[in-house]
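Chemist: Return atomic coordinates for the entry below.
(chains A and B)
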Amino acid sequence: MVKIEIFELILKLIIKVISMLKIVLVIIIFSLFSFSAKESAETFKPVITDGENLTFVASYNMSGLMTDIAEIQSVTSKVSTKTKTLYRLKCTASSYSKWDTYFKIRDLYESYITIDTYKPVISKKNIDEGGYKKEVSSTFNYSNKIIKNKVIKHGKEDSFDTVFQGSLYDLVSSVYHIRTLDYDKFTVGKVIAISVLIDGKIHKINAKYLGTENISVGKYGNKKCYKLSISVNEKELKKAAGSKFIWLIADSKRVPALIKAEIPIGSVQVRLSNM
Amino acid sequence: MKINILVKIVVIIALIASLLGLVLAFLPFGLIALIPTLFGFAIALIVFFIYRKYKLPKIVLFISSIAILLIAGKEIFIKDEVVADKAFIEKDEASKNEAIKELNELEESGLLDEIDSLDVVE
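Modeler: Here you go, the predicted structure:
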């Protein structure tokens, strides 16, 4: 009886960690996001390159002891229509085989963006997390500022439109946009406003620039990084230090080196393992 | 008498901790399984040296030791890897083809040309 209870507790913990992983995936992807109208002068030269392949490891950390949960891959490639070429930004999350028996994750996020403007044209999400499946497809229409969304959840299909104004990015494209910012011109404490489309809804997120920091980036050794604090609401923004951080390597590519999100028990980390 | 009860309670807590550590060691919790294991091990060790008459601390030490060996063995010999998932790869390809088809439709309706005329940052 006690063993069953312990096992149930463990399963609950696993589910909690995995659900946090989802949040981190959002943060990951967020942590890097888009920007406000004032940023044109601060925009860095484009960092998107065809064939870029980044690998990250998502881990749960408790009292300094970690367990790796999933591998996240971010791949950039070009796709062509009859006359045009666009970037396909793909982000996948796959749980390690040791977790597959308990909670298998196979998430696919895609963004099709224009090469010159980095504007998302089609955004797709197809997730499978422990049997929970959801598909979301959003098509951006810039002439009438409407996004056509299609959501398939539990086999049910739902379609709806979202009206938007100003700059808007989806999860994956916002990652790449944040990397185009010239942080050397930023002052510490600068807040970057972010509008991101998630599951057909627009979310406002703020990223606060906290300066540079040297951190260990696995096999690449110590790297100077730009540190950002991510907040999803005003309350978090007012805090001196947030609980979600991202470090971008301070070079021309601005590759995310580490993402950390604190949760009630421990923290979830996503660290760069290969680039 | 009261001390005896207190010691028994402490050892039972250590036993539960080490059992939890053992269960976590079998599951893919990695080094996190060390937290309850070492807790149980440390308490059992202290009780063992102070009150040698009890047998339970020895059992706790034994369980904890097995858990520690299991955790260490898994950390050293088992490498984390993602299994090549054919269904996932197919899903990826199908999604890409579907998107290209949709992009072609957008191109035919002239929507892609409108995006090209947008500023880099609005």
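
Chemist: just checking, residue A:217 touches residue A:272?
Modeler: Yes - applying Cβ atoms under 8 Å as the test, residue A:217 and residue A:272 come out as touching, 5.8 Å apart. Where C-beta positions appear, they are placed from N, C-alpha and C, glycine not excepted.

Chemist: from the stretch 151-275 of chain A, which residue is nearest to chain B?
Modeler: residue A:167 (5.3 Å; Cβ to the nearest Cβ).

Chemist: gap between that residue and residue A:140?
Modeler: Distance, residue A:167 to residue A:140, using Cβ to Cβ, to the nearest Å: 12 Å.

Chemist: Looking only at neighbour counts, state which of those two leads.
Modeler: Taking neighbours as other Cβ atoms under 10 Å in any protein chain shown, residue A:167 and residue A:140 compare with residue A:140 leading, 25 against 20.

Chemist: How about the backbone phi and psi for the residue nearest in space to the middle of chain B?
Modeler: Centroid-nearest residue in chain B, with Cα atoms, centre = their mean: residue B:29, separated by 2.7 Å. Backbone torsions of residue B:29, given as degrees, to the nearest 10, read phi -90, psi 0.

Chemist: Show me what the spatially closest residue to it that is not a sequence neighbour is bridged to.
Modeler: Among residues not flanking residue B:29 along the chain, residue A:67 sits closest, at 5.2 Å (Cβ to Cβ, 6 or more residues apart in numbering or on different chains). Here residue A:67 sits in beta bridges with residue A:60, going by DSSP bridges.

Chemist: Ok, residue A:87 next?
Modeler: Here residue A:87, judged by DSSP bridges, has bridge partners residue A:78, residue A:113.

Chemist: Touching, it and residue A:116? I think so.
Modeler: No - judged on Cβ under 8 Å, residue A:87 makes no contact with residue A:116 at a distance of 10.2 Å.

Chemist: between the two, who's got more neighbours?
Modeler: It is residue A:87, of residue A:87 and residue A:116, that has more neighbours when counted by other Cβ under 10 Å, with 23 against 12.

Chemist: Got the confidence number for that one?
Modeler: At residue A:87, the pLDDT value in this model is 90.

Chemist: go on, residue A:45?
Modeler: So residue A:45 comes in at 56 (pLDDT).

Chemist: repeat for residue A:128
Modeler: For residue A:128, pLDDT reads 90.

Chemist: That one should be in a strand, yeah?
Modeler: Yes - counting by DSSP: H, G, I helix; E, B strand; the rest coil, residue A:128 falls inside a strand.

Chemist: What's the local residue count around it?
Modeler: So residue A:128, with other Cβ under 10 Å, has 17 neighbours.

Chemist: Repeat that for residue A:198.
Modeler: 18.

Chemist: That one touches residue A:172, doesn't it?
Modeler: No - taking contacts as Cβ under 8 Å, residue A:198 lies outside contact range of residue A:172: 11.0 Å.

Chemist: give me every residue that touches residue 75.
Modeler: I went with chain A, as the question did not name one. Shown in contact with residue A:75 (Cβ atoms under 8 Å, 6 or more residues apart in numbering or on different chains): A:52-54, A:89-92.

Chemist: switch to chain B, that's the one I care about
Modeler: Applying Cβ under 8 Å, 6+ apart to residue B:75 gives the contacts B:30-31.

Chemist: Am I right that it is in a helix?
Modeler: Yes - counting by three-state DSSP, residue B:75 falls inside a helix.

Chemist: Pull up the per-residue confidence for it.
Modeler: Predicted confidence (pLDDT) for residue B:75: 88.

Chemist: okay, residue B:103: pLDDT?
Modeler: So residue B:103 comes in at 89 (pLDDT).

Chemist: Then residue B:18?
Modeler: On the pLDDT scale, residue B:18 gets 95.

Chemist: where's it, which helix or strand?
Modeler: helix B:2-26 (DSSP states H and E).

Chemist: Can you list the neighbours in contact with that helix?
Modeler: A:3, A:6-7, A:10, B:32-41, B:43-44, B:47, B:51, B:54, B:56-57, B:59-60, B:63-64, B:66-67, B:70-71, B:74.

Chemist: Please pick the buried ones from these.
Modeler: A:10, B:32-41, B:43-44, B:47, B:54, B:56-57, B:60, B:63-64, B:67, B:70-71, B:74 (16 or more other Cβ atoms under 10 Å in any protein chain shown).

Chemist: So what's the residue count around residue B:3?
Modeler: With other Cβ under 10 Å as criterion, residue B:3 counts 8.

Chemist: I'd like the distance between it and chain A.
Modeler: The gap separating residue B:3 from chain A is 26 Å, by Cβ to the nearest Cβ, to the nearest Å.

Chemist: can you pick the most crowded of the contacts of residue A:75?
Modeler: residue A:89 (27 neighbours).

Chemist: ok, then the element right after the helix or strand encompassing that one?
Modeler: Element membership of residue A:89, judged by DSSP H and E, is strand A:85-95. Remark: after strand A:85-95, the chain's next helix or strand is helix A:97-100, criterion DSSP H and E.
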